[in-house]
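Peer 1: Give me the fold of what follows.
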Amino acid sequence: MLIDTHTHLDSHKFDSDRVEVIERARAAGVYKLINIGFNRETIQTTMALAEQYDFIYAVVGWHPVDSIVMLPEDLEWIGSLCAHNKVVGIGEIGLDYHWDTSPKDVQQRVFRQQIQLAQQKRKPIVIHNRDAHEDIVRILREENAKDVGGVMHCFSGSWETAKQCLDMNFYISFGGPVTFKNARIPKEVLSRVPLDRLLIETDAPYLAPHPHRGKRNESAFVRLVAETAAEITGKTLEEITRITTENALKCFSIE
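Peer 2: Presented below is the predicted three-dimensional model:
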């Protein structure tokens, strides 16, 4: 029984066959999914999915690329949603220095605000990090994010960065890119992550694993990530499935 800990099934890329995509995930052994709402539109559609399906949970937050448009009432809204029994975390939040849509200082302010909100609501946080490793680690440390912990989503950094995040109570999550043949560093990092801190995800519809690279990703493909993790760690698929599922349930406090 697999858990896809990071997916976007509410994406418009699934508008024509969303029900079938969810059914394929279930048929592939994915028995729980965590959908991410990261702005005004997707928070609403994520909540709708979580309320429609008993096996879909919600993580809600404000993505760094949209930091420039977040209003105080948006932060209050995210906080109010934390009382919902299907909301299991705040995210994806963090920093993205690749896309030049929100100034770095604005991204960092919004990031800090949401870490503080997570501490108030006692929710784990899901971190988006693109080209911002040093600032991510520094802000997590300065804001005492270890108090709530969470997930380094689709981790792409070095082992040194991973170790710093592990020391702050974070799980390290791997998606499709770790299956790529040229993914030397992600494979090396996965091999060194303690098994009790390992998670898997798809980030569907993005970052499809091999052999679907370049195509639309979907939650059923999390099994391919699990197979790669098993190969790298020398565990069986069944062992990796059990380990990552137990980790996800613990991280997000899901019964």
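
Peer 1: C-alpha only now, for contacts and for neighbours.
Peer 2: Noted.

Peer 1: Restricting to C-alpha, output the helix or strand containing residue 240 in CSV.
Peer 2: If you go by DSSP states H and E, residue 240 is part of helix 237-251. The C-alpha coordinates for helix 237-251 follow below in CSV (Å, rounded to 0.1, in the frame of the first residue of the first chain):
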residue,chain,number,x,y,z
LEU,A,237,9.7,-3.3,-3.0
GLU,A,238,7.5,-4.5,-0.2
GLU,A,239,10.0,-3.2,2.4
ILE,A,240,10.2,0.2,0.8
THR,A,241,6.5,0.4,0.5
ARG,A,242,6.0,-0.4,4.1
ILE,A,243,8.7,1.9,5.3
THR,A,244,7.7,5.0,3.2
THR,A,245,4.0,4.4,4.0
GLU,A,246,4.7,4.3,7.8
ASN,A,247,6.9,7.4,7.5
ALA,A,248,4.1,9.3,5.6
LEU,A,249,1.5,8.4,8.2
LYS,A,250,3.7,9.5,11.0
CYS,A,251,4.9,12.7,9.3
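
Peer 1: So which bits of that helix are buried?
Peer 2: 237, 240, 241, 243, 244, 245, 246, 247, 248, 251 (16 or more other Cα atoms under 10 Å).

Peer 1: My understanding was that the first one contacts residue 230; is that so?
Peer 2: Yes - the pair residue 237 and residue 230 passes the contact test of Cα atoms under 8 Å, sitting 5.4 Å apart.

Peer 1: ok, which stretches of the protein are strands?
Peer 2: Here the chain has its strands, by DSSP state E, at 2-7, 30-37, 56-60, 87-96, 125-130, 150-152, 170-174, 198-200.
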